[in-house]
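Asker: Below is the sequence, then the predicted model.
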Amino acid sequence: VEVAPDQGTGLGIARHVAKKNDRPMTRVRLSEFLRDHQDDIIADWTQRMRALSPARDLSDAAIIDHLPQLLSRIADAVDSHETGKVVSLGNLPEGHAIDRLERGFDLDQIVTEYGLLRLSVLDRWEGHVSTTLDLHELRNLDTALDESLRQATVRHAKGRERLLKALDRISVAALGSSDLDTFLEHLLRATLQSMDAVDTAVVLLREDDMLRVRAAVGLEEGQRHELSIRAREGIAGQVAADGRPLFVRHAAEDPRAKSPFIRAKGIRALYTVPMAHDGEVIGVAHIGSTTAFEFSDEDQLLFRTMASRATAVILQSQLLAGLRHGEETLRLAVEAAPTAMLIVDHRGRVTSVNGLTERLLGYERQELLGRSVEDLVPMRFRAKHPQYRDNFFANLSRRPMGAGRDLFAMRKDGAEVPVEIGLSPFESGGASYVLAAVTDITERKHMEEERAQLLVREQVARQEIER
(Lines give C-alpha, C1' and ligand atoms only; values in the text may rest on other atoms or scores of the structure.)
Protein backbone atom coordinates (compact mmCIF):
# COMPACT_ATOMS: atom_id res chain seq x y z
CA VAL A 1 0.00 0.00 0.00
CA GLU A 2 1.49 3.33 -1.01
CA VAL A 3 0.36 6.39 0.93
CA ALA A 4 -0.09 9.61 -1.03
CA PRO A 5 -1.34 12.65 0.86
CA ASP A 6 -4.23 14.37 -0.91
CA GLN A 7 -3.89 18.07 -0.15
CA GLY A 8 -6.78 19.10 -2.37
CA THR A 9 -9.39 18.32 0.27
CA GLY A 10 -7.74 20.46 2.95
CA LEU A 11 -7.83 17.38 5.19
CA GLY A 12 -4.89 15.61 3.64
CA ILE A 13 -6.85 12.32 3.40
CA ALA A 14 -4.59 9.49 2.31
CA ARG A 15 -5.24 7.49 -0.87
CA HIS A 16 -4.41 3.80 -0.90
CA VAL A 17 -2.68 2.64 -4.08
CA ALA A 18 -1.56 -0.93 -4.59
CA LYS A 19 2.13 -1.05 -5.49
CA LYS A 20 4.96 -3.44 -5.00
CA ASN A 21 7.70 -2.16 -2.73
CA ASP A 22 11.12 -3.12 -4.05
CA ARG A 23 13.09 -1.81 -1.06
CA PRO A 24 13.86 -4.41 1.62
CA MET A 25 12.87 -3.12 5.04
CA THR A 26 12.45 -4.18 8.63
CA ARG A 27 8.83 -4.24 9.75
CA VAL A 28 8.18 -1.00 11.63
CA ARG A 29 4.85 -0.61 13.37
CA LEU A 30 3.19 2.76 12.91
CA SER A 31 2.34 3.00 16.61
CA GLU A 32 6.02 2.60 17.53
CA PHE A 33 6.96 5.15 14.89
CA LEU A 34 4.48 7.68 16.34
CA ARG A 35 5.95 7.25 19.80
CA ASP A 36 9.62 7.19 18.77
CA HIS A 37 9.34 10.14 16.36
CA GLN A 38 6.82 12.23 18.27
CA ASP A 39 9.21 15.17 18.65
CA ASP A 40 10.02 15.18 14.92
CA ILE A 41 6.35 15.03 13.97
CA ILE A 42 5.46 17.86 16.35
CA ALA A 43 8.35 20.02 15.11
CA ASP A 44 7.32 19.48 11.47
CA TRP A 45 3.65 20.19 12.28
CA THR A 46 4.52 23.32 14.28
CA GLN A 47 6.43 24.71 11.30
CA ARG A 48 3.47 24.05 9.00
CA MET A 49 1.12 25.69 11.51
CA ARG A 50 3.00 28.99 11.24
CA ALA A 51 1.25 29.51 7.90
CA LEU A 52 -2.09 29.94 9.72
CA SER A 53 -2.65 33.57 10.68
CA PRO A 54 -3.73 32.97 14.33
CA ALA A 55 -0.58 30.91 14.94
CA ARG A 56 2.01 33.28 13.48
CA ASP A 57 2.66 35.15 16.71
CA LEU A 58 2.07 32.28 19.13
CA SER A 59 4.85 30.56 21.04
CA ASP A 60 5.68 26.97 20.11
CA ALA A 61 4.17 25.83 23.43
CA ALA A 62 0.89 27.60 22.64
CA ILE A 63 0.71 26.03 19.18
CA ILE A 64 1.54 22.53 20.43
CA ASP A 65 -1.02 22.62 23.27
CA HIS A 66 -2.44 19.08 23.77
CA LEU A 67 -0.67 17.48 20.77
CA PRO A 68 1.86 15.25 22.64
CA GLN A 69 -0.90 13.60 24.69
CA LEU A 70 -3.13 13.33 21.64
CA LEU A 71 -0.41 11.64 19.57
CA SER A 72 0.12 9.13 22.37
CA ARG A 73 -3.59 8.28 22.34
CA ILE A 74 -3.57 8.03 18.55
CA ALA A 75 -0.60 5.62 18.75
CA ASP A 76 -2.63 3.45 21.14
CA ALA A 77 -5.57 3.59 18.72
CA VAL A 78 -3.36 2.51 15.80
CA ASP A 79 -2.25 -0.43 17.94
CA SER A 80 -5.81 -1.46 18.73
CA HIS A 81 -6.17 -3.91 15.82
CA GLU A 82 -3.42 -6.00 17.44
CA THR A 83 -4.07 -5.38 21.13
CA GLY A 84 -7.84 -5.56 20.87
CA LYS A 85 -8.15 -2.70 23.37
CA VAL A 86 -10.77 0.00 22.99
CA VAL A 87 -8.94 3.35 23.00
CA SER A 88 -10.60 6.62 23.91
CA LEU A 89 -9.23 10.01 22.97
CA GLY A 90 -10.74 11.38 26.19
CA ASN A 91 -11.46 15.08 26.26
CA LEU A 92 -8.19 16.07 24.59
CA PRO A 93 -9.74 17.14 21.24
CA GLU A 94 -12.44 19.13 23.02
CA GLY A 95 -9.95 20.85 25.32
CA HIS A 96 -7.80 21.66 22.30
CA ALA A 97 -10.83 23.16 20.53
CA ILE A 98 -11.57 25.48 23.46
CA ASP A 99 -7.95 26.58 23.57
CA ARG A 100 -8.08 27.35 19.85
CA LEU A 101 -11.37 29.21 20.24
CA GLU A 102 -9.79 31.49 22.85
CA ARG A 103 -6.81 32.12 20.55
CA GLY A 104 -9.00 33.22 17.66
CA PHE A 105 -8.95 30.13 15.41
CA ASP A 106 -11.90 29.77 13.04
CA LEU A 107 -13.57 26.44 12.38
CA ASP A 108 -11.88 25.99 9.00
CA GLN A 109 -8.49 26.57 10.66
CA ILE A 110 -9.26 23.78 13.14
CA VAL A 111 -9.95 21.49 10.19
CA THR A 112 -6.77 22.62 8.45
CA GLU A 113 -4.51 21.95 11.43
CA TYR A 114 -5.68 18.33 11.67
CA GLY A 115 -5.01 17.97 7.95
CA LEU A 116 -1.51 19.33 8.53
CA LEU A 117 -1.00 16.82 11.33
CA ARG A 118 -1.95 13.98 9.00
CA LEU A 119 0.52 15.24 6.41
CA SER A 120 3.29 15.57 9.01
CA VAL A 121 2.82 11.97 10.14
CA LEU A 122 2.76 10.56 6.61
CA ASP A 123 5.65 12.68 5.32
CA ARG A 124 7.85 11.78 8.30
CA TRP A 125 6.94 8.10 7.85
CA GLU A 126 7.88 8.21 4.17
CA GLY A 127 11.15 10.01 4.94
CA HIS A 128 12.22 7.66 7.76
CA VAL A 129 10.71 4.29 6.78
CA SER A 130 9.29 3.85 3.26
CA THR A 131 6.33 4.58 1.02
CA THR A 132 4.47 1.49 2.25
CA LEU A 133 2.17 1.27 5.24
CA ASP A 134 0.03 -1.53 6.69
CA LEU A 135 -3.58 -1.01 5.64
CA HIS A 136 -4.98 -1.81 9.11
CA GLU A 137 -2.68 0.71 10.72
CA LEU A 138 -3.53 3.34 8.12
CA ARG A 139 -7.25 2.82 8.68
CA ASN A 140 -6.82 3.18 12.44
CA LEU A 141 -4.73 6.32 11.98
CA ASP A 142 -7.40 7.86 9.75
CA THR A 143 -10.17 6.82 12.14
CA ALA A 144 -8.39 8.32 15.16
CA LEU A 145 -7.62 11.59 13.37
CA ASP A 146 -11.14 11.86 11.96
CA GLU A 147 -12.70 11.23 15.37
CA SER A 148 -10.42 13.79 16.97
CA LEU A 149 -11.38 16.29 14.27
CA ARG A 150 -15.08 15.54 14.73
CA GLN A 151 -14.94 16.13 18.48
CA ALA A 152 -12.87 19.29 18.09
CA THR A 153 -15.12 20.88 15.46
CA VAL A 154 -18.32 20.07 17.34
CA ARG A 155 -16.97 21.53 20.57
CA HIS A 156 -15.54 24.59 18.77
CA ALA A 157 -18.90 25.30 17.10
CA LYS A 158 -20.84 24.90 20.35
CA GLY A 159 -18.29 26.99 22.23
CA ARG A 160 -18.56 29.84 19.74
CA GLU A 161 -22.33 29.72 19.95
CA ARG A 162 -22.26 29.99 23.75
CA LEU A 163 -19.64 32.72 23.62
CA LEU A 164 -21.74 34.75 21.19
CA LYS A 165 -24.81 34.44 23.40
CA ALA A 166 -22.77 35.46 26.44
CA LEU A 167 -21.49 38.56 24.65
CA ASP A 168 -25.07 39.43 23.74
CA ARG A 169 -26.00 39.18 27.43
CA ILE A 170 -23.12 41.49 28.32
CA SER A 171 -24.43 44.08 25.87
CA VAL A 172 -27.94 43.78 27.30
CA ALA A 173 -26.54 44.15 30.84
CA ALA A 174 -24.72 47.34 29.89
CA LEU A 175 -27.69 48.83 28.07
CA GLY A 176 -30.01 48.23 31.02
CA SER A 177 -27.69 49.64 33.66
CA SER A 178 -27.70 53.17 34.99
CA ASP A 179 -24.60 52.74 37.14
CA LEU A 180 -21.67 50.39 37.69
CA ASP A 181 -23.22 48.42 40.54
CA THR A 182 -26.33 47.67 38.49
CA PHE A 183 -24.22 46.63 35.51
CA LEU A 184 -22.14 44.22 37.61
CA GLU A 185 -25.25 42.68 39.13
CA HIS A 186 -26.80 42.23 35.68
CA LEU A 187 -23.56 40.74 34.38
CA LEU A 188 -23.30 38.21 37.21
CA ARG A 189 -26.93 37.17 36.73
CA ALA A 190 -26.17 36.63 33.05
CA THR A 191 -23.24 34.46 34.16
CA LEU A 192 -25.51 32.27 36.26
CA GLN A 193 -27.92 31.95 33.33
CA SER A 194 -25.08 30.91 31.01
CA MET A 195 -23.60 28.18 33.24
CA ASP A 196 -25.83 25.50 34.75
CA ALA A 197 -23.35 24.38 37.41
CA VAL A 198 -22.71 27.88 38.82
CA ASP A 199 -24.48 28.71 42.10
CA THR A 200 -22.71 31.91 43.07
CA ALA A 201 -20.78 34.69 41.36
CA VAL A 202 -18.92 37.62 42.93
CA VAL A 203 -16.89 40.65 41.82
CA LEU A 204 -14.36 42.23 44.18
CA LEU A 205 -12.79 45.54 43.17
CA ARG A 206 -9.49 46.86 44.41
CA GLU A 207 -9.46 49.89 46.69
CA ASP A 208 -5.88 50.77 47.62
CA ASP A 209 -4.56 47.58 49.23
CA MET A 210 -7.97 45.99 49.82
CA LEU A 211 -10.35 43.89 47.74
CA ARG A 212 -14.00 44.70 48.50
CA VAL A 213 -17.09 42.85 47.29
CA ARG A 214 -18.83 45.13 44.79
CA ALA A 215 -21.47 42.74 43.44
CA ALA A 216 -22.69 39.26 44.40
CA VAL A 217 -25.50 37.03 43.13
CA GLY A 218 -26.64 33.51 43.89
CA LEU A 219 -25.72 32.12 47.29
CA GLU A 220 -23.76 35.23 48.22
CA GLU A 221 -26.40 37.69 47.05
CA GLY A 222 -26.99 40.60 49.40
CA GLN A 223 -23.46 40.44 50.84
CA ARG A 224 -22.12 43.35 48.77
CA HIS A 225 -19.64 45.54 50.66
CA GLU A 226 -19.78 43.22 53.69
CA LEU A 227 -16.55 41.41 52.88
CA SER A 228 -13.13 42.87 52.26
CA ILE A 229 -9.71 41.25 52.30
CA ARG A 230 -6.19 42.43 51.81
CA ALA A 231 -4.98 42.27 48.23
CA ARG A 232 -2.55 39.43 48.97
CA GLU A 233 -4.70 37.33 51.30
CA GLY A 234 -6.95 34.38 50.55
CA ILE A 235 -7.76 32.88 47.18
CA ALA A 236 -8.90 36.21 45.72
CA GLY A 237 -5.82 37.94 47.08
CA GLN A 238 -3.53 35.32 45.55
CA VAL A 239 -5.17 35.80 42.15
CA ALA A 240 -4.87 39.58 42.47
CA ALA A 241 -1.18 39.28 43.37
CA ASP A 242 -0.27 36.70 40.71
CA GLY A 243 -2.49 38.09 37.94
CA ARG A 244 -3.43 34.54 36.87
CA PRO A 245 -6.68 32.52 37.10
CA LEU A 246 -6.89 29.92 39.86
CA PHE A 247 -9.12 26.84 40.10
CA VAL A 248 -9.83 25.22 43.48
CA ARG A 249 -11.58 21.86 43.64
CA HIS A 250 -12.63 21.81 47.33
CA ALA A 251 -12.99 25.51 48.14
CA ALA A 252 -14.94 25.08 51.39
CA GLU A 253 -12.11 22.98 52.79
CA ASP A 254 -9.27 25.11 51.42
CA PRO A 255 -7.42 27.01 54.18
CA ARG A 256 -6.90 29.95 51.81
CA ALA A 257 -10.65 30.63 51.55
CA LYS A 258 -11.42 33.76 53.56
CA SER A 259 -15.08 34.20 52.67
CA PRO A 260 -17.38 32.77 55.39
CA PHE A 261 -19.99 32.12 52.72
CA ILE A 262 -17.72 29.77 50.80
CA ARG A 263 -17.30 27.62 53.90
CA ALA A 264 -20.87 27.92 55.17
CA LYS A 265 -22.45 27.03 51.80
CA GLY A 266 -20.05 24.17 51.13
CA ILE A 267 -18.68 25.51 47.83
CA ARG A 268 -16.84 22.81 45.91
CA ALA A 269 -15.55 24.10 42.56
CA LEU A 270 -14.31 27.70 42.72
CA TYR A 271 -12.82 29.51 39.73
CA THR A 272 -11.27 32.94 40.27
CA VAL A 273 -9.94 35.24 37.55
CA PRO A 274 -8.11 38.58 37.66
CA MET A 275 -9.70 41.69 36.16
CA ALA A 276 -6.67 43.44 34.75
CA HIS A 277 -5.61 46.04 32.21
CA ASP A 278 -2.09 46.72 31.05
CA GLY A 279 -0.63 44.54 33.80
CA GLU A 280 -2.56 46.23 36.62
CA VAL A 281 -5.18 44.18 38.48
CA ILE A 282 -8.23 46.31 39.33
CA GLY A 283 -10.24 43.46 40.84
CA VAL A 284 -11.07 39.76 40.77
CA ALA A 285 -14.19 37.75 40.01
CA HIS A 286 -15.14 34.22 40.95
CA ILE A 287 -17.80 31.62 40.28
CA GLY A 288 -18.59 28.74 42.61
CA SER A 289 -20.65 25.55 42.65
CA THR A 290 -22.10 23.46 45.46
CA THR A 291 -22.55 20.42 43.21
CA ALA A 292 -19.67 20.38 40.72
CA PHE A 293 -16.04 19.70 41.60
CA GLU A 294 -14.79 21.30 38.39
CA PHE A 295 -15.80 23.66 35.60
CA SER A 296 -15.27 22.70 31.98
CA ASP A 297 -12.66 24.43 29.84
CA GLU A 298 -15.55 25.98 27.95
CA ASP A 299 -17.14 27.41 31.12
CA GLN A 300 -13.80 28.79 32.25
CA LEU A 301 -13.25 30.48 28.88
CA LEU A 302 -16.77 31.91 29.02
CA PHE A 303 -16.19 33.38 32.48
CA ARG A 304 -12.81 34.83 31.54
CA THR A 305 -14.42 36.50 28.53
CA MET A 306 -17.23 37.99 30.60
CA ALA A 307 -14.76 39.22 33.24
CA SER A 308 -12.62 40.80 30.53
CA ARG A 309 -15.58 42.69 29.06
CA ALA A 310 -16.65 43.76 32.55
CA THR A 311 -13.15 45.14 33.16
CA ALA A 312 -13.53 47.51 30.21
CA VAL A 313 -16.86 48.81 31.57
CA ILE A 314 -15.40 49.22 35.07
CA LEU A 315 -12.49 51.24 33.74
CA GLN A 316 -14.85 53.38 31.71
CA SER A 317 -16.95 54.03 34.83
CA GLN A 318 -13.87 54.86 36.89
CA LEU A 319 -12.69 57.19 34.14
CA LEU A 320 -15.97 59.13 34.27
CA ALA A 321 -15.88 59.22 38.06
CA GLY A 322 -12.44 60.80 37.91
CA LEU A 323 -13.42 63.68 35.64
CA ARG A 324 -13.63 66.03 38.59
CA HIS A 325 -9.88 65.64 39.12
CA GLY A 326 -9.09 67.71 36.05
CA GLU A 327 -8.33 67.62 32.37
CA GLU A 328 -4.90 66.00 32.74
CA THR A 329 -6.35 63.10 34.74
CA LEU A 330 -8.98 62.62 32.05
CA ARG A 331 -6.37 62.62 29.29
CA LEU A 332 -4.28 60.01 31.08
CA ALA A 333 -7.33 57.86 31.78
CA VAL A 334 -8.44 57.93 28.15
CA GLU A 335 -4.94 56.97 27.00
CA ALA A 336 -4.82 54.03 29.44
CA ALA A 337 -8.28 52.70 28.47
CA PRO A 338 -8.32 49.06 27.21
CA THR A 339 -10.32 49.93 24.11
CA ALA A 340 -10.48 52.69 21.51
CA MET A 341 -11.81 55.78 23.26
CA LEU A 342 -12.99 59.19 22.03
CA ILE A 343 -14.45 62.23 23.76
CA VAL A 344 -16.85 64.27 21.64
CA ASP A 345 -18.40 67.64 22.51
CA HIS A 346 -22.02 68.66 21.94
CA ARG A 347 -21.14 69.99 18.46
CA GLY A 348 -19.84 66.58 17.44
CA ARG A 349 -16.17 67.59 17.49
CA VAL A 350 -13.53 65.12 18.73
CA THR A 351 -11.69 66.59 21.73
CA SER A 352 -9.63 63.58 22.90
CA VAL A 353 -8.61 60.14 21.64
CA ASN A 354 -6.18 57.40 22.63
CA GLY A 355 -3.62 55.35 20.72
CA LEU A 356 -6.04 52.46 20.16
CA THR A 357 -8.37 54.83 18.32
CA GLU A 358 -5.54 55.84 16.00
CA ARG A 359 -4.81 52.18 15.19
CA LEU A 360 -8.47 51.29 14.73
CA LEU A 361 -9.28 54.19 12.39
CA GLY A 362 -5.89 54.62 10.70
CA TYR A 363 -5.51 58.30 11.58
CA GLU A 364 -2.77 60.17 13.39
CA ARG A 365 -3.94 61.75 16.64
CA GLN A 366 -3.64 65.31 15.33
CA GLU A 367 -5.81 64.39 12.36
CA LEU A 368 -8.61 63.32 14.70
CA LEU A 369 -8.58 66.16 17.22
CA GLY A 370 -11.12 68.81 16.24
CA ARG A 371 -12.51 66.65 13.43
CA SER A 372 -16.27 66.26 13.11
CA VAL A 373 -17.36 62.82 14.22
CA GLU A 374 -19.47 62.60 11.03
CA ASP A 375 -16.19 62.20 9.13
CA LEU A 376 -15.73 58.85 10.88
CA VAL A 377 -19.15 57.56 9.82
CA PRO A 378 -19.72 55.81 6.44
CA MET A 379 -21.29 58.04 3.80
CA ARG A 380 -24.62 56.22 3.77
CA PHE A 381 -25.20 57.12 7.44
CA ARG A 382 -24.01 60.74 7.44
CA ALA A 383 -27.30 62.39 6.50
CA LYS A 384 -29.05 61.03 9.59
CA HIS A 385 -26.15 61.27 12.01
CA PRO A 386 -26.52 64.96 13.03
CA GLN A 387 -30.14 64.32 14.03
CA TYR A 388 -29.11 61.27 16.03
CA ARG A 389 -26.35 63.29 17.74
CA ASP A 390 -28.70 66.16 18.62
CA ASN A 391 -31.31 63.76 20.02
CA PHE A 392 -28.66 62.06 22.10
CA PHE A 393 -27.48 65.27 23.76
CA ALA A 394 -31.07 66.47 24.22
CA ASN A 395 -31.85 63.40 26.35
CA LEU A 396 -28.68 63.11 28.43
CA SER A 397 -30.58 62.73 31.71
CA ARG A 398 -32.26 59.56 30.45
CA ARG A 399 -29.14 57.93 29.06
CA PRO A 400 -27.97 54.80 30.97
CA MET A 401 -24.31 54.10 31.57
CA GLY A 402 -22.60 52.74 28.49
CA ALA A 403 -25.73 53.00 26.35
CA GLY A 404 -24.68 52.08 22.86
CA ARG A 405 -25.33 50.17 19.68
CA ASP A 406 -23.70 48.29 16.84
CA LEU A 407 -22.59 50.68 14.10
CA PHE A 408 -19.96 51.05 11.42
CA ALA A 409 -16.90 53.28 11.60
CA MET A 410 -14.98 54.41 8.54
CA ARG A 411 -11.22 54.24 8.48
CA LYS A 412 -9.03 56.88 6.85
CA ASP A 413 -8.55 54.55 3.84
CA GLY A 414 -12.33 54.36 3.36
CA ALA A 415 -12.72 50.82 4.70
CA GLU A 416 -15.71 50.19 6.95
CA VAL A 417 -15.27 48.49 10.33
CA PRO A 418 -18.21 47.01 12.29
CA VAL A 419 -17.99 48.37 15.84
CA GLU A 420 -19.88 48.35 19.11
CA ILE A 421 -20.01 51.84 20.60
CA GLY A 422 -20.77 52.39 24.27
CA LEU A 423 -21.77 56.02 24.89
CA SER A 424 -21.55 57.64 28.33
CA PRO A 425 -22.54 61.31 28.67
CA PHE A 426 -20.95 63.68 31.19
CA GLU A 427 -20.60 67.36 31.92
CA SER A 428 -17.43 69.31 32.55
CA GLY A 429 -17.06 73.07 33.00
CA GLY A 430 -20.74 73.57 32.24
CA ALA A 431 -20.45 71.89 28.82
CA SER A 432 -21.83 68.51 27.72
CA TYR A 433 -19.63 65.75 26.34
CA VAL A 434 -19.92 62.09 25.50
CA LEU A 435 -17.32 59.42 26.13
CA ALA A 436 -17.40 56.82 23.35
CA ALA A 437 -15.82 53.38 23.90
CA VAL A 438 -15.38 51.76 20.47
CA THR A 439 -14.82 48.01 20.11
CA ASP A 440 -14.02 46.26 16.82
CA ILE A 441 -16.65 43.49 16.48
CA THR A 442 -15.52 42.07 13.14
CA GLU A 443 -14.99 38.65 14.70
CA ARG A 444 -18.43 38.72 16.32
CA LYS A 445 -20.04 39.61 13.01
CA HIS A 446 -18.25 36.69 11.37
CA MET A 447 -19.62 34.42 14.10
CA GLU A 448 -23.14 35.74 13.49
CA GLU A 449 -22.78 35.17 9.74
CA GLU A 450 -21.52 31.63 10.29
CA ARG A 451 -24.45 30.93 12.60
CA ALA A 452 -26.91 32.29 10.04
CA GLN A 453 -25.35 30.20 7.27
CA LEU A 454 -25.48 27.11 9.49
CA LEU A 455 -29.19 27.66 10.15
CA VAL A 456 -29.83 28.02 6.43
CA ARG A 457 -27.95 24.79 5.68
CA GLU A 458 -29.87 22.96 8.41
CA GLN A 459 -33.17 24.24 7.02
CA VAL A 460 -32.25 23.15 3.49
CA ALA A 461 -31.21 19.72 4.81
CA ARG A 462 -34.54 19.32 6.61
CA GLN A 463 -36.43 20.27 3.46
CA GLU A 464 -34.44 17.71 1.46
CA ILE A 465 -35.26 15.02 4.01
CA GLU A 466 -38.97 15.93 3.97
CA ARG A 467 -39.02 15.68 0.16
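Answerer: That came through fine.
Asker: need the next SSE after the helix or strand containing residue 146, C-terminal direction.
Answerer: Using DSSP states H and E, the element containing residue 146 is helix 135-175. Note on helix 135-175: by DSSP H and E, the next helix or strand toward the C-terminus is helix 180-194.
Asker: Looking at residue 222 now. What's its pLDDT?
Answerer: The score at residue 222 is 61. That number is its pLDDT.
Asker: cool, residue 278 as well?
Answerer: At residue 278 the predicted local confidence, pLDDT, stands at 69.
Asker: going forward, begin numbering at 51 instead of 1
Answerer: Let's use 51 as the start, then, which means that last one is residue 328.
Asker: now the angle from the helix holding residue 196 to helix 230-244?
Answerer: An angle of 150 degrees separates the directions of helix 185-225 and helix 230-244 when computed by axes from the mean of the first three to the mean of the last three CA atoms, to 10 degrees.
Asker: and helix 185-225, how far from the chain's centre?
Answerer: With CA atoms, centre = their mean, to the nearest Å as the basis, the distance from the averaged C-alpha position of helix 185-225 to the chain average is 13 Å.
Asker: contacting residues around the closest residue to residue 301 other than its chain neighbours?
Answerer: Setting aside the residues directly before and after it, residue 301 is nearest to residue 320 in space (CB to CB, 6 or more residues apart in numbering), at 3.6 Å. From N, CA and C alone the C-beta is placed, and that goes for glycine too. By CB atoms under 8 Å, 6 or more residues apart in numbering, residue 320 lies in contact with 285, 297-298, 301, 304, 307, 312, 336-339.
Asker: For residue 69, give me the pLDDT.
Answerer: Model confidence at residue 69, given as pLDDT, is 40.
Asker: Backbone dihedrals for residue 301, both of them.
Answerer: Backbone dihedrals for residue 301, given as degrees, to the nearest 10, come out at phi -60, psi -40.
Asker: In the stretch 401-517 of the chain, mark out all the strands, start to finish.
Answerer: According to DSSP state E, counting those that start in this stretch, the stretch 401-517 of the chain carries its strands in the segments 453-460, 466-478, 481-490.
Asker: Listing partners with orientation, what would you give for the longest one?
Answerer: Partner strands for strand 466-478, per DSSP bridges, with pairing direction: strand 453-460 (antiparallel), strand 481-490 (antiparallel).
Asker: By mean pLDDT, show me the worst of these.
Answerer: For the strands paired with strand 466-478, the weakest mean pLDDT is recorded on strand 453-460, namely a mean of 74.
Asker: distance of residue 411 from residue 392?
Answerer: When CB to CB, to the nearest Å is applied, the distance between residue 411 and residue 392 equals 9 Å.
Asker: Oh, that last question was meant for residue 301, not what I typed.
Answerer: In this view, residue 301 and residue 392 are 42 Å apart by CB to CB.
Asker: try residue 357
Answerer: When distance is defined by CB to CB, residue 357 is 25 Å away from residue 392.
Asker: Reformat the strands paired with strand 466-478 as TSV; add mean neighbour count and distance to residue 110.
Answerer: Converted to TSV, the strands paired with strand 466-478 look like this (neighbours: other CB atoms under 10 Å; distance: least, CB to CB, whole Å):
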stretch	mean neighbour count	distance to residue 110
strand 453-460	17	36
strand 481-490	20	28
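Asker: Do a quick rundown of the helices in the stretch 251-400 of the chain.
Answerer: Taking DSSP state H, counting those that start in this stretch as the criterion, the stretch 251-400 of the chain carries its helices at 284-292, 310-314, 347-371, 377-386.
Asker: In a markdown table, list the ones you listed along with mean pLDDT.
Answerer: A markdown table is the format used below for the helices of the stretch 251-400 of the chain (pLDDT from 0 to 100):
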| stretch | mean pLDDT |
| --- | --- |
| helix 284-292 | 90 |
| helix 310-314 | 84 |
| helix 347-371 | 79 |
| helix 377-386 | 64 |
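Asker: what's the closest of these to residue 199?
Answerer: With CB to CB, the closest approach to residue 199 among those belongs to helix 347-371: 17.8 Å.
Asker: got the buried residues for the closest one?
Answerer: If you call a residue buried by 16 or more other CB atoms under 10 Å, then helix 347-371 has these buried ones: 347-367, 369-370.
Asker: Could you list every helix and strand in contact with it?
Answerer: Using 3 or more CB pairs under 8 Å, 6 or more residues apart in numbering; DSSP states H and E, the elements in contact with helix 347-371 are helix 142-152, helix 185-225, helix 230-244, strand 320-327, strand 330-338, helix 377-386, strand 466-478, strand 481-490.
Asker: got the angle for that helix vs helix 185-225?
Answerer: Taking the same axes, to 10 degrees, helix 347-371 and helix 185-225 form an angle of 30 degrees between their directions.
Asker: and the angle for helix 347-371 with strand 330-338?
Answerer: For the pair helix 347-371 and strand 330-338, the angle between their directions (the same axes, to 10 degrees) equals 140 degrees.
Asker: Tell me, what's the model's pLDDT at the residue nearest to residue 385 when sequence neighbours are not counted?
Answerer: For residue 385, the nearest residue in space outside its immediate sequence neighbours is residue 404; the separation is 4.7 Å by CB to CB, 6+ apart. Confidence at residue 404, expressed as pLDDT, is 88.
Asker: Got the phi and psi for residue 404?
Answerer: phi -120, psi 180.
Asker: Could you report the separation of it from residue 80?
Answerer: Taking CB to CB as the measure, residue 404 falls 55 Å from residue 80.
Asker: and what of residue 257?
Answerer: Distance of residue 257 to residue 80, given as CB to CB: 60 Å.
Asker: Next: residue 103.
Answerer: When CB to CB is the yardstick, residue 103 and residue 80 sit 32 Å from each other.
Asker: neighbour-wise, which of the two wins?
Answerer: Residue environment comparison for residue 103 versus residue 80 gives the larger neighbour count to residue 80, 21 against 11, counting by other CB atoms under 10 Å.
Asker: In contact with residue 171, which residues are there?
Answerer: Residue 171 sits next to 84, 91, 191 when contact means CB under 8 Å, 6+ apart.
Asker: what angle sits between the host helix or strand of it and helix 185-225?
Answerer: When secondary structure is defined by DSSP H and E, residue 171 falls within helix 157-178. Angle between the axes of helix 157-178 and helix 185-225 is 150 degrees (criterion: the same axes, to 10 degrees).
Asker: surely residue 408 meets residue 416?
Answerer: No. With contacts defined as CB atoms under 8 Å, residue 408 does not count as touching residue 416, sitting 9.9 Å away.
Asker: All good on my end, thank you.
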